[in-house]
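Visitor: sequence first, predicted model second:
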Amino acid sequence: MDAVLLRGGKVWDGSGRPAFAADVLVAGNRISRIQSPGTRFPESAIAFDIADHTLIPGLVDGHAHLPFLHKASIADTGDVPPEEHTLRTTQHARVVLEAGFTSCVSGGSAKPRIDVVVRNEINAGHIPGPRMLAAGPELTNTGNLGDERQMHIHRESIAMIVDGVDEMAKTCRMLIREGVDTIKLNISGNQTTPNSRSDQNVMNEVEIRTAAQTAHAHGKRVAAHVRAAASIKLALRHKIDILYHCEYADEECLDLLEAARERIFVAPAIGLLHNLMYEAGEWGITYEKAEAAGVVHQFECAKRVFAELRKRGVRVLVGGDYGFPWTPHGTNARDIGHFVKFFGYSHTQALVAATRTGAAAMMLEGRAGEIAEGFLADLWWSPVSRMTMSGCFRSRVTSSSS
Ligand SMILES: [Zn+2]
């Protein structure tokens, strides 16, 4: 790739210091030089004038579901055949990249090979999209989140249903054979499964242990849907790497999460809760219905827990379960504003969570997530006047392939 010069703008480099005026030269897919404005660069470089813009490290969504199809029902997502489903996912990959997200940690593919195939095609340069850590479908138990079957009818959804140690080991090994980076477990219940509630632990400890041991034996990550306090404790005991939601963390959980802070990442997926309360009326989910389902209480619990985790220095990722009709792909950056408004992050802290912390979750610590010489040129620039951190912006990204 030719050298590209981004000149005339400001640089917010992700280190936490204020933005400063600088020109940035990108060579290949690396940041080559950062110099004072007006410094001479090679004449062969293709120059982009980004005056009145601020250049920042590419954003990282820590809980992405690119295969989610903007359907209110996960069973409707399950109905879509793999071919159509994969093509739609490639569209979402492009939308999310163009919204400034140069990396996505998948929180679950909806079919076994979609994340893997899309990741591979992006890495090969065949389609545009963010870097991806590919997950398998969410592994759930009979009756828990992702089991849409009834006694008399089979329905697929976004999950694979595994019960017992043998099924868990075999399913994990199969997904690893197919190329996933992450095994995703639904350990807690959910507000959408009345007999497996959000505040209940559903998955057995032996199943969790089997998944973690199997994944880690292959050098893979484990991420988990954990809302209940008991689930958070089991996840930590068995060395789960990424913990999603965590709203019902009790004091013991907070202490345990803090003690594990060098090893784990957590992500509140706050965008989904927020929009279920305020922006899902068009799909029949009013504030009152969300409240009756426990979402408002969950949101209040999340505010308390994640404000506390911020103070305790736990690494928290942005990413809000985008891909439902009320959380459309491409609006992912709204989570950054939620961190400021609801968890007490400063603007700088929230952007660091979305960049440097996200890069660490992508296993790119020291190689991406900051604008520094030698780092991957995962970059985004935005008009200064629109740096409100609460919307979805037009963007241009220089490089997504590794
Ligand atoms: Zn999710």
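Guide: Sure, I can see it. Remember, it's a predicted structure, so these values are computed and weren't measured experimentally. Numbering: from 1, shown residues only.
Visitor: which part of the stretch 51-200 of the chain gets nearest to the ion, residue-wise?
Guide: Gly107 (4.0 Å; Cβ to the ion). C-beta coordinates here come from the backbone N, C-alpha and C atoms, glycine included.
Visitor: doesn't Leu243 make contact with that residue?
Guide: No. If you go by Cβ atoms under 8 Å, Gly107 and Leu243 don't touch, sitting 11.2 Å apart.
Visitor: now do the shared contacts for those two.
Guide: With Cβ atoms under 8 Å, 6 or more residues apart in numbering applied, the overlap between the contact sets of Gly107 and Leu243 consists of Ala223, Ala267.
Visitor: comparing the two, which shows the higher neighbour count?
Guide: Residue environment comparison for Gly107 versus Leu243 gives the larger neighbour count to Gly107, 30 against 26, counting by other Cβ atoms under 10 Å.
Visitor: assumed Met203 was part of a strand.
Guide: No. Secondary structure assignment (DSSP: H, G, I helix; E, B strand; the rest coil) places Met203 in coil, not in a strand.
Visitor: what's the neighbour count on it?
Guide: By the other Cβ under 10 Å criterion, the neighbourhood of Met203 contains 27 residues.
Visitor: ok, and the closest non-adjacent residue to it?
Guide: The spatially closest residue to Met203, leaving aside those adjacent along the chain, is Ile187, at 4.5 Å (Cβ to Cβ, 6 or more residues apart in numbering).
Visitor: show the pLDDT at the one you found.
Guide: Per-residue pLDDT puts Ile187 at 98.
Visitor: leaving out the residues flanking it, which one is nearest to the residue of the stretch 51-200 of the chain closest to the ion?
Guide: His63 (4.2 Å).
Visitor: same question, Gly313
Guide: Taking Cβ to Cβ, 6+ apart as the measure, Gly313 lies nearest to Arg261, with 5.8 Å between them; neighbours along the chain are not counted.
Visitor: the residue of the stretch 301-402 of the chain found nearest the ion: what's it in contact with?
Guide: With Cβ to the ion as the measure, the residue in the stretch 301-402 of the chain that lies nearest the ion is Asp321; the distance is 4.3 Å. With contacts taken as Cβ under 8 Å, 6+ apart, Asp321 has the following neighbours: His63, His65, Phe68, Gly107, Ala269, Gly271, Leu272, Thr327.
Visitor: surely the fifth one is in contact with Cys246?
Guide: Same thing as Ala269. No. Counting by Cβ under 8 Å, Cys246 is not a contact partner of Ala269; they are 9.5 Å apart.
Visitor: mind checking which of those two has more residues around it?
Guide: When neighbours are counted by other Cβ under 10 Å, Ala269 and Cys246 differ, and Cys246 comes out ahead with 30 against 25.
Visitor: before we move on, what SS does Val26 have?
Guide: Using three-state DSSP, the structure places Val26 in strand.
Visitor: roughly how far does it sit from the ion?
Guide: Separation of Val26 from the ion (Cβ to the ion, to the nearest Å): 33 Å.
Visitor: quick check: that residue touching Leu6?
Guide: Yes. Using Cβ under 8 Å, Val26 is in contact with Leu6, at 7.0 Å.
Visitor: who has more neighbours, these two?
Guide: Leu6 (27 against 23).
Visitor: where's that one, which helix or strand?
Guide: In this structure, Leu6 is located in strand 4-7 according to DSSP states H and E.
Visitor: which neighbouring elements make contact with the next helix or strand after that strand?
Guide: Note on strand 4-7: by DSSP H and E, the next helix or strand toward the C-terminus is strand 10-11. In this structure, strand 10-11 makes packing contacts with strand 20-21, strand 53-57, judged by 3 or more Cβ pairs under 8 Å, 6 or more residues apart in numbering; DSSP states H and E.
Visitor: need the winner for burial among these.
Guide: Among the helices and strands packed on strand 10-11, strand 53-57 has the highest mean neighbour count (mean count of other Cβ atoms under 10 Å), at a mean of 23.
Visitor: parallel or antiparallel, which strands does it pair with?
Guide: With DSSP bridges as the test, strand 53-57 is paired with strand 10-11 (parallel), strand 379-383 (antiparallel).
Visitor: from the contact counts, what lies against the helix or strand just after that strand?
Guide: Toward the C-terminus, strand 53-57 is succeeded by strand 59-64 as the next helix or strand (DSSP H and E). Taking 3+ Cβ pairs under 8 Å, 6+ apart as contact, the helices and strands that strand 59-64 lies on are strand 101-106, strand 265-267, helix 358-361.
Visitor: contact residues of the stretch 301-402 of the chain facing the ion?
Guide: If contacts are counted using Cβ under 5 Å from the ion, the residues of the stretch 301-402 of the chain sitting beside the ion are Asp321.
Visitor: reformat the contacts of Asp321 as a markdown table; add pLDDT.
Guide: Listed next are the contacts of Asp321 as a markdown table, based on pLDDT from 0 to 100:
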| residue | pLDDT |
| --- | --- |
| His63 | 98 |
| His65 | 98 |
| Phe68 | 98 |
| Gly107 | 98 |
| Ala269 | 95 |
| Gly271 | 97 |
| Leu272 | 97 |
| Thr327 | 97 |
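Visitor: quick revisit: just checking, the residue nearest to Gly313 touches Val316?
Guide: No. With the criterion set as Cβ under 8 Å, Arg261 and Val316 do not qualify as a contacting pair; they are 10.0 Å apart.
Visitor: ok, these two, which is more surrounded?
Guide: Neighbour count, other Cβ under 10 Å: between Arg261 and Val316, Val316 has more, with 24 against 15.
Visitor: tell me the contacts of the more buried one?
Guide: Shown here is Val316, whose contacts under the criterion Cβ under 8 Å, 6+ apart are Phe265, Val266, Ala267, Pro268, Phe306, Leu309, Arg310, Phe339, Phe343, Ala353, Thr357.
Visitor: and the furthest pair within those?
Guide: Phe265 and Phe343 (15.2 Å; Cβ to Cβ).
Visitor: first to last residue in stretch 356-373, what's the distance?
Guide: With Cα to Cα, to the nearest Å as the measure, stretch 356-373 spans 15 Å from end to end.
Visitor: rewinding a little: need the winner for burial among the helices and strands packed on strand 59-64.
Guide: strand 101-106 (a mean of 30).
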